[in-house]
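Q: Predicted coordinates and the sequence they were generated for:
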Amino acid sequence: MTSPQTQSDGSSKRWIAGILFAVLICIFAALLLSHWRSHTIVVSTIDYVVVSLCSQSGWSPNLVRGIVILVTIPFFWAVAKYTHWMLWLHNVRPSLKLYRNPYGIVIVSYVGIFFITMYFASRDALASKWCSDTPEGIRTFDAAGTDPVYGIALKPCTFDQIVTLRRGKAVIADPQKINIADVRQYAFFDPITGTPRVWYHKVSDGSYAFYDKPGRYPGTGENLLPIDERAIQDAARLQEATQARLRQSAAKAAGEPFVDDSAVSAGTGNQVAVLVFPKNGQEPIKGADQSLTAALSEKGFAPVLTFFKPAFVSSGRAQRLFSGDWNAVQDLGISGKPKYIVLGESAESSESSSQFEGLITSHITINVRCVNTATHGDCGSQQIVENGAGYSKDASVQNSLEKAHSQFVSFADTVRR
C-alpha cells in the first residue's frame with residue numbers, strides 16, 4: 001500500500017515537469033515570435049522605403065528594391081545588435097540612448113539619409129507638392145501651409161502650374177506648328193496603333209492650324225484637339241479651295257502682260273475673243289479683225305477685240321495656240337473665260353496693174369480657227385482667200401475684205417456652240 005508521502009512526491013514531480021514543459025513552450029514561442037517580428041520588420045521597412053522613393057521619383061521598383069536591400073544591410077545589422085537580437089525594435093525609441101551606442105548612431109544615420117534621399121527624389125514630384133502664385137512666379141513647397149514670404153495659403157499644385165514649372169526648366173517643349181502641304185496625303189495617324197499624330201485648332205476664319213503634340217493654341221489658350229476624320233475632310237476642302245484661288249491669282253498675274261481679263265465676263269456663253277495676226281512677221285492686214293467681228297456679230301456672237309494684248313502675238317503665244325498647243329495659254333487662267341477664241345493668221349501680197357496705171361491688186365489669205373476654252377478643242381476652221389483692187393494698197397485690201405465678207409459669215413455660221 002502506497003504511503004501518503006510517496007503520493008505527495010509523485011505529484012510534485014508531475015507539477016515540476018509540467019512547469020518545465022510550459023517554460024520550454026514559452027521560450028520556443030518567444031523565439032518564434034522574435035523571428036516572425038524580425039522578418040516582418042525587415043520586409044515592411046524595405047517595402048516602405050521602396051514605395052516612398054518610387055512614388056516620389058518615378059524610378060523602377062525593381063531597381064530601387066535591389067539597391068535598398070544592399071544598402072540597408074548595415075542598418076539591419078545595427079538594429080539587431082542594438083536590440084540584442086530580441087523583439088527587434090522594442091527598444092528603438094527616439095532617445096539619447098541611441099546616440100551613446102555605436103549601433104544606435106548607425107540607425108540614426110540611416111534615418112537621416114532616408115529623409116535626405118526623399119528630398120532629392122521628390123524634387124520633380126510636383127503632383128504631390130503645394131504651390132502658391134506669387135509676383136516672383138510659382139513657388140513650390142513639400143507640405144501644406146502658408147507661403148512664408150507672401151503669406152499666401154498653399155494649395156495643391158494644379159496641372160497648369162505643373163506645366164508652367166516644367167516648361168521653365170526646358171523639360172516641356174511647346175507644341176510646334178506643322179505646315180501640311182497636302183492634307184489628303186498626310187499621315188495623320190500612327191500606322192500601327194492608329195492613334196493621332198497631329199492636334200489641331202480651328203481658327204476664327206475657318207482655317208485649321210496643325211500641331212505636333214497636345215497643348216494649347218497660342219492665340220486663344222484653348223486646348224488643341226486630336227485630329228479626326230471630320231476635321232481632315234473639312235481641312236482638305238478648305239485647302240483645295242485656297243489652292244484654287246491661289247492658282248487663279250497666279251494665272252491672272254501671269255496673264256496680265258498678255259490678256260485683259262476685264263474685257264470679258266465669265267459665264268457669258270456667246271462672247272468670242274478675236275485676234276487676227278500676221279504670218280511670219282508680215283504686215284498685219286488693216287481691218288481684217290473688224291471684218292471678222294462683223295460676221296460673228298451677224299450670227300449672234302459677242303466678239304471682243306481688246307482681250308488679247310500685243311505681247312500675246314510678239315511672244316509667239318498666238319502662233320502656238322493657233323497651231324493647237326494649248327500650253328501656250330495654260331498658265332493664263334482663261335479656261336471658260338471667254339468661252340470661244342477665234343484666231344486668224346493672215347497673209348497679204350499686192351501688185352501693180354500693167355494695164356491700168358496706178359491700180360493695185362491685193363491678194364489676202366486668212367486662216368481662221370475657233371478654239372473652245374472650256375474643252376480645249378476646235379469649234380471650227382476655214383481658209384478665207386480673196387482678191388481686191390484699188391488705187392492704193394489700203395483701198396485694195398479693203399476691197400478684198402469686203403468681197404470676203406460672205407466667207408467670214410460662212411465661217412461664223414459653222415462655229416460649233
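A: That came through, no problem. Numbers count the residues shown, from 1 in each chain.
Q: so how far is K177 from the closest residue in space to I180 that isn't next to it in sequence?
A: Excluding the flanking residues, the one nearest I180 by C-beta to C-beta, 6 or more residues apart in numbering is Y186, at 4.9 Å. Glycine gets a C-beta too; all of them are placed from N, C-alpha and C. As judged by C-beta to C-beta, to the nearest Å, Y186 and K177 stand 14 Å apart.
Q: next one: E136
A: For E136, the distance to K177 (C-beta to C-beta) stands at 31 Å.
Q: Also I285?
A: Taking C-beta to C-beta, one finds I285 at 60 Å from K177.
Q: Tell me which of these two has more neighbours.
A: I285 (23 against 12; other C-beta atoms under 10 Å).
Q: In terms of pLDDT, where does the nearest residue to the more buried one once chain neighbours are set aside sit?
A: Using C-beta to C-beta, 6+ apart and skipping residues adjacent in sequence, the residue nearest I285 is S346, 4.6 Å away. Note for S346: predicted pLDDT of 92.
Q: Strands of the stretch 101-250 of the chain, residue ranges please.
A: 130-134, 137-141, 155-156, 177-178, 199-202, 208-211, 225-226 (DSSP state E, counting those that start in this stretch).
Q: Include mean pLDDT and distance to A263 when you put the ones you listed into a markdown table, please.
A: Formatted as a markdown table, these follow (pLDDT from 0 to 100; distance: least, C-beta to C-beta, whole Å):
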| stretch | mean pLDDT | distance to A263 |
| --- | --- | --- |
| strand 130-134 | 92 | 66 |
| strand 137-141 | 91 | 65 |
| strand 155-156 | 94 | 72 |
| strand 177-178 | 92 | 43 |
| strand 199-202 | 94 | 40 |
| strand 208-211 | 94 | 38 |
| strand 225-226 | 94 | 48 |
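Q: R237: which of those is closest?
A: R237 lies closest to strand 208-211 among the strands of the stretch 101-250 of the chain, at 10.7 Å (C-beta to C-beta).
Q: residues in contact with stretch 227-239?
A: 180, 182-184, 188-189, 196-200, 202, 206-208, 210, 225 (C-beta atoms under 8 Å, 6 or more residues apart in numbering).
Q: still on that earlier bit, make sure the residue nearest to I285 is indeed in a helix.
A: No. Secondary structure of S346 (DSSP: H, G, I helix; E, B strand; the rest coil): strand, not part of a helix.
Q: what's across from it in the sheet?
A: P278, I366 (DSSP bridges).
Q: Quick check: it vs C379, distance?
A: For S346, the distance to C379 - C-beta to C-beta - is 20 Å.
Q: before we move on, what about T306?
A: Taking C-beta to C-beta, one finds T306 at 21 Å from C379.
Q: Go through stretch 178-185 and flag the buried ones.
A: Neighbour-count burial for stretch 178-185, counted by 16 or more other C-beta atoms under 10 Å, picks out V183.
Q: which stretches of the stretch 51-200 of the chain aren't confidently modelled?
A: 84-95, 170-172 (pLDDT under 70).
Q: Tell me where it has helices.
A: Using DSSP state H, counting those that start in this stretch, the helices of the stretch 51-200 of the chain run over residues 61-71, 73-82, 97-100, 102-121, 159-168.
Q: Most tightly packed of the ones you listed?
A: Across the helices of the stretch 51-200 of the chain, averaging neighbours per residue (mean count of other C-beta atoms under 10 Å) puts helix 73-82 on top, at a mean of 17.
Q: same for it, what does it pack against?
A: helix 4-57, helix 102-121 (3 or more C-beta pairs under 8 Å, 6 or more residues apart in numbering; DSSP states H and E).
Q: what's next to stretch 146-165, contact-wise?
A: Contacts of stretch 146-165 (C-beta under 8 Å, 6+ apart): 126-127, 129-135, 138-141, 144-145, 172.
Q: which two from those end up farthest apart in space?
A: The widest separation within the contacts of stretch 146-165 (C-beta to C-beta) is 27.5 Å, between G145 and I172.
Q: Who has more neighbours out of those two?
A: Taking neighbours as other C-beta under 10 Å, G145 and I172 compare with I172 leading, 15 against 11.
Q: Compute the first-to-last residue distance for stretch 113-127.
A: 23 Å (C-alpha to C-alpha, to the nearest Å).
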